[in-house]
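here are the coordinates; sequence isn't available:
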């Protein structure tokens with residue numbers, strides 16, 4: 001079986017790894033360098049509790065399933081790639097600044113995935129939190145991974161499994177010959193395959209031909225990395241509050257993220273920098289003494305209904321793996337597993353049906 005995967009982000013590379021391991025002949029095309037788009041720009045969070053708020057929805061169930069796959073996925077990936085990805089499942093605190101928000105978090109804790117903590121209990125886990133918080137939701141199973149190391153690990157694993165990678169080769173059109181074979185056109189050559197997987201992130205809706213109606217749009221997000229003053233400790237686990245999240249990484253902390261619908265603009269802005277710092281300082285006042293070391297932007301792939309678009313399109317053999325929005329890292333293990341199972345005619349997780357591309361009643 002010949003498989004072409006369009007997009008070398010976390011989704012495309014994870015699928016390529018799985019399909020190459022199954023014995024398929026896999027080619028990955030990417031418009032730039034592997035894992036240098038949204039995967040590189042993210043914070044690497046595995047936040048099944050903090051990111052997904054609608055309990056019982058297919059998105060929540062799939063997110064929790066993928067989170068539970070992460071420990072074994074990380075071990076297997078490190079072994080296959082020779083790259084340490086620093087997977088950590090050490091929890092997250094979702095901080096409440098007011099009584100109404102605290103009541104909402106207490107209700108969410110009733111689902112059993114998290115525990116509501118008093119202000120004193122929250123500050124025991126994160127001493128840098130201010131004294132005026134109203135409590136926090138403790139999500140012990142949320143975690144993180146070094147997203148930039150993850151991109152390199154997936155690249156290594158896919159290539160070692162036999163996949164071929166063509167960087168700086170953007171797919172511009174997908175067609176299908178009378179024989180049923182797929183034809184993928186780039187600026188340089190024509191590629192042919194039995195199966196095509198479109199996993200090009202925010203650019204998934206820009207591929208012409210059979211995929212021209214895919215309703216994916218880019219959503220810009222900006223982030224900062226702050227460096228700690230000498231001798232300063234990290235503020236504890238993942239923190240959420242005041243509209244931002246804080247992700248501790250060795251001697252730095254990542255702050256994210258803005259949300260803007262401005263097309264494919266990836267230029268960092270002074271306004272976003274000020275907004276992120278203001279929110280982060282409100283959540284952890286001690287960060288005023290930290291210095292900005294990095295400021296960047298990335299593009300998230302968003303769908304019209306907020307759910308991922310995963311599965312076989314209305315055209316047999318053409319599969320979509322996009323629309324993960326802010327959850328690309330979280331969903332990677334389950335998404336790769338599900339797409340590989342669909343291609344190989346196996347039975348995927350039940351909730352994957354809710355993400356079918358055909359739900360938008362278009363050509364796909």
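Structure received. What you see is a predicted model; the values in this text were computed from it and never measured. Numbers count the residues shown, from 1 in each chain.

Only C-alpha atoms from now on, for both contacts and neighbour counts.
Will do.

For the closest residue to residue 116 other than its chain neighbours, give me its contacts.
In space, and not counting its chain neighbours, residue 116 is closest to residue 137: 4.5 Å by CA to CA, 6 or more residues apart in numbering. Residue 137 makes contact with 93, 94, 95, 96, 105, 106, 109, 114, 115, 116, 117, according to CA atoms under 8 Å, 6 or more residues apart in numbering.

The last one contacts residue 135, correct?
By that I understand residue 117. Yes. Between residue 117 and residue 135 there is a contact under CA atoms under 8 Å: 5.6 Å.

Could you pull up the mean pLDDT of the helix or strand hosting residue 5?
Assessed by DSSP states H and E, residue 5 sits inside strand 2-6. Here strand 2-6 scores 98 as its mean pLDDT.

tell me how far it is from the chain's mean position?
21 Å (CA atoms, centre = their mean, to the nearest Å).

Please apply the same query to stretch 254-262.
Counting by CA atoms, centre = their mean, stretch 254-262 comes out at 14 Å from the chain centroid.

mind listing what's buried in the host helix or strand of residue 293?
Secondary-structure assignment from DSSP H and E places residue 293 in strand 291-302. The neighbour-count check on strand 291-302 (16 or more other CA atoms under 10 Å) flags 292, 295, 296, 297, 298, 299, 300, 301, 302 as buried.

contacts for it?
In contact with strand 291-302 (CA under 8 Å, 6+ apart) are residues 37-38, 41-42, 201-204, 216-229, 264, 266-268, 273, 308, 322-326.

what's downstream of that strand, the next helix or strand?
strand 309-312.

Name all residues that make contact with residue 203.
216, 217, 218, 301.

Taking those, tell me the two that lie furthest apart.
Taking CA to CA, the two most distant members of the contacts of residue 203 are 216 and 218; they sit 6.9 Å apart.

Which neighbours do the two have in common?
202, 203, 301, 302.

Now the third one: closest residue in space, sequence neighbours ignored.
Translated: residue 301. Per CA to CA, 6+ apart, closest to residue 301 is residue 202, 4.0 Å.

SS state for the one you found?
helix (DSSP: H, G, I helix; E, B strand; the rest coil).

Any idea how many residues pack against it?
Counted with other CA atoms under 10 Å, the neighbours of residue 202 add up to 26.

do the same with the one 5 residues further on
The number of residues packed around residue 207, counting by other CA under 10 Å, is 21.

mind checking how far it is from residue 162?
26 Å (CA to CA, to the nearest Å).

what bridges to the nearest residue in space to residue 326 that is not next to it in sequence?
Distances taken as CA to CA, 6+ apart place residue 300 nearest to residue 326, at 6.4 Å, with adjacent residues excluded. Residue 300 has the following beta-bridge partners by DSSP bridges: residue 219.
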